[in-house]
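Give me coordinates for this.
(chains A and B)
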Amino acid sequence: MGKVIVVTSGKGGVGKTTSTAALGAALARSGNNVAVVDFDVGLRNLDIVMGAERRVVFDLINVVQGTAKLTQAVIRDKRIETLYLLPASQTRDKDALTEDGIARVIAELRMRFDWVICDSPAGIERGATLAMRFADEAVIVTNPEVSSVRDSDRIIGLLDSKTLKAELGERMPKHLLIARFDPLRASRGEMLNIEDVLEILSVPLLGIIPESEEVLRASNLGAPITVCGRDSAPSRAYYDAARRLAGEDVEMTIPSERRGLFTKLFGRRAA
Amino acid sequence: MRMFSFLRPVSSAPVARERLQILLEYERNLVSQTDLIAVLREEILAVVGRHVMIDPDKIQISVDRGAKFSILAVDIQIPNKSRKTAAGMR
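Take a look at the predicted model:
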């Protein structure tokens, strides 16, 4: 039986979709069967970040309503053969998602895959609560910025009250992924530091993803950062986070860009 | 100083631009008209279904939308002894 993870945040634009694609690809690279599922009905974006936007035939709502089989709707990644995408519908709205329907689809995904990573829409409405509803664990993506941390706190409250696990009186395991972190600005006191965020949210840390130009480059090219900029700092941070998610004990570091001698000497001028 | 610019990776923005143009052209049409690919898919399956028994589990459909044309591929697994013996067929 696979594990169902919801990637959530409350606030938009903090890196949920980037993180879903990156963690999914990192887990699939180590041989796991992974499905990444877009729950953002009406505003799907996981397909374009994964570079599969031209190949979408069916979507989550087709599977929920039974017009397509799960095996027909999932799109296999062109680069990693154990990685699959279940896109959201672009033309329907979130009311087409029923709780029973989602429960059935998640149960089937759980049987077929080792990992099911659900990319939650922003906000705290129906789409977001359905994305987290049947999860085994949650990854909360936050930026070291006041509004993002506040929204994360709100989402933590929902994870502890609105999920099936919470209603059964169980504890929902949560992991904090701090994205767009700039160590230099944090050290200068211009950005909340890691300790501040952890103290405020009291959720164990899954990883620290440094701010990097490579993330935009990967999304331009339509590939998860852990595939396209594999040696970049954020990619290495995501690989470490994926290993921690799988239960490995990995020392917490903030990777920095590896710069060759040439770039060190000429990088500034050539840029 | 642009001397070393040829050593930098090829810029990714043109790729992003092209991908968006293809995708948005398709999605803007979707709002006003029915999805041609979806119509073709349904009709092809209906025609094939008139002659052979189709197991919905044995169908794989894929599309690849391009700038000038799209490719629709319908893979239907037809068992050897599945011909429908409808009246009038010899």
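
in the chain, which spans are strands?
If you meant another chain, say so; for now it's chain A. Taking DSSP state E as the test, the strands found in chain A are A:3-8, A:34-38, A:75-76, A:83-86, A:115-119, A:137-142, A:174-181, A:205-210.

other chain: chain B
B:59-65, B:70-76.

Tell me which of the ones you listed is the most buried.
Among the strands of chain B, strand B:59-65 has the highest mean neighbour count (mean count of other C-beta atoms under 10 Å in any protein chain shown), at a mean of 16. (Glycine included, C-beta is placed from N, CA and C.)

Which other helices and strands does that one contact?
Here strand B:59-65 touches helix A:70-73, helix B:13-32, helix B:36-51, strand B:70-76, going by 3 or more C-beta pairs under 8 Å, 6 or more residues apart in numbering or on different chains; DSSP states H and E.

thinking again about what came up before, include mean pLDDT when you put the strands of chain B into JSON lines, please.
JSON lines is the format used below for those (pLDDT from 0 to 100):
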{"stretch": "strand B:59-65", "mean pLDDT": "87"}
{"stretch": "strand B:70-76", "mean pLDDT": "88"}
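
Where does pLDDT dip in the stretch 151-271 of chain A?
A:258-271 (pLDDT under 70).

hang on, the earlier thing: out of the strands of chain A, which is closest to B:Gly49?
Closest to B:Gly49 of those, according to C-beta to C-beta: strand A:75-76, at 24.5 Å.

Name every strand pairing with the closest one and say which way it goes.
In the sheet, strand A:75-76 lines up against strand A:83-86 (antiparallel) (DSSP bridges).

ok, residues contacting the strand it pairs with?
Residues from elsewhere that reach strand A:83-86 (C-beta atoms under 8 Å, 6 or more residues apart in numbering or on different chains): A:24-25, A:28, A:33-38, A:46-47, A:50, A:52, A:59-60, A:63, A:70, A:73-77, A:109, A:113.

what does stretch B:12-20 give?
The contact list for stretch B:12-20 (C-beta under 8 Å, 6+ apart) reads A:Ile48, A:Gly51, A:Glu53, A:Leu216, A:Arg217, A:Ser219, A:Asn220, A:Leu221, A:Gly222, B:Ala67.

With mean neighbour count added, can I get the strands of chain A in a markdown table?
Shown next, in a markdown table, are the strands of chain A (neighbours: other C-beta atoms under 10 Å in any protein chain shown):
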| stretch | mean neighbour count |
| --- | --- |
| strand A:3-8 | 25 |
| strand A:34-38 | 28 |
| strand A:75-76 | 18 |
| strand A:83-86 | 26 |
| strand A:115-119 | 27 |
| strand A:137-142 | 25 |
| strand A:174-181 | 24 |
| strand A:205-210 | 24 |
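
Turn these into a markdown table, including distance to B:Ile59.
Formatted as a markdown table, the strands of chain A follow (distance: least, C-beta to C-beta, whole Å):
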| stretch | distance to B:Ile59 |
| --- | --- |
| strand A:3-8 | 27 |
| strand A:34-38 | 20 |
| strand A:75-76 | 15 |
| strand A:83-86 | 18 |
| strand A:115-119 | 24 |
| strand A:137-142 | 35 |
| strand A:174-181 | 39 |
| strand A:205-210 | 40 |
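
out of the ones you listed, which comes closest to B:Arg83?
strand A:75-76 (31.7 Å).

What spatial separation is found between A:Ile117 and chain B?
Look at A:Ile117 and chain B: by C-beta to the nearest C-beta, to the nearest Å, they are 23 Å apart.

Tell me which residues touch that residue, please.
So A:Ile117 contacts A:Ile5, A:Val7, A:Thr20, A:Leu23, A:Gly24, A:Leu27, A:Val34, A:Ala35, A:Val36, A:Val37 (C-beta under 8 Å, 6+ apart).

Distance to A:Arg92 added to the helices and strands packed on strand B:59-65, as a markdown table?
Converted to a markdown table, the helices and strands packed on strand B:59-65 look like this (distance: least, C-beta to C-beta, whole Å):
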| stretch | distance to A:Arg92 |
| --- | --- |
| helix A:70-73 | 14 |
| helix B:13-32 | 11 |
| helix B:36-51 | 13 |
| strand B:70-76 | 21 |
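
which of the ones you listed sits most buried?
It is helix A:70-73: most buried of these by mean count of other C-beta under 10 Å, with a mean of 18.

how about it, does it get close to chain B?
Yes. Applying C-beta under 8 Å from any C-beta of the partner chain, one finds helix A:70-73 touching chain B at A:Thr71, A:Gln72.

Relative to chain B, which of the contacts of A:Ile117 is nearest.
Using C-beta to the nearest C-beta, A:Ala35 comes nearest to chain B of the contacts of A:Ile117, at 16.9 Å.

hang on, isn't that closest one packed against A:Val74?
Yes. A:Ala35 lies in contact with A:Val74 (C-beta atoms under 8 Å); the separation is 6.4 Å.

the helices in the stretch 101-250 of chain A, which residues?
Ranges of helices within the stretch 101-250 of chain A are A:126-133, A:146-159, A:164-167, A:183-187, A:194-201, A:214-221, A:225-228, A:233-245, based on DSSP state H, counting those that start in this stretch.

outside of the fourth one, which residues touch it?
By that I understand helix A:183-187. Counting by C-beta under 8 Å, 6+ apart, A:Pro144, A:Met191, A:Leu192, A:Asn193, A:Ile194, A:Pro210, A:Ile254, A:Ser256 sit against helix A:183-187.

Could you check how far the last one is from A:Met1?
Look at A:Ser256 and A:Met1: by C-beta to C-beta, to the nearest Å, they are 38 Å apart.

who's more crowded, these two?
Neighbour totals were compared for A:Ser256 and A:Met1, and A:Ser256 leads with 13 against 9 (other C-beta atoms under 10 Å in any protein chain shown).
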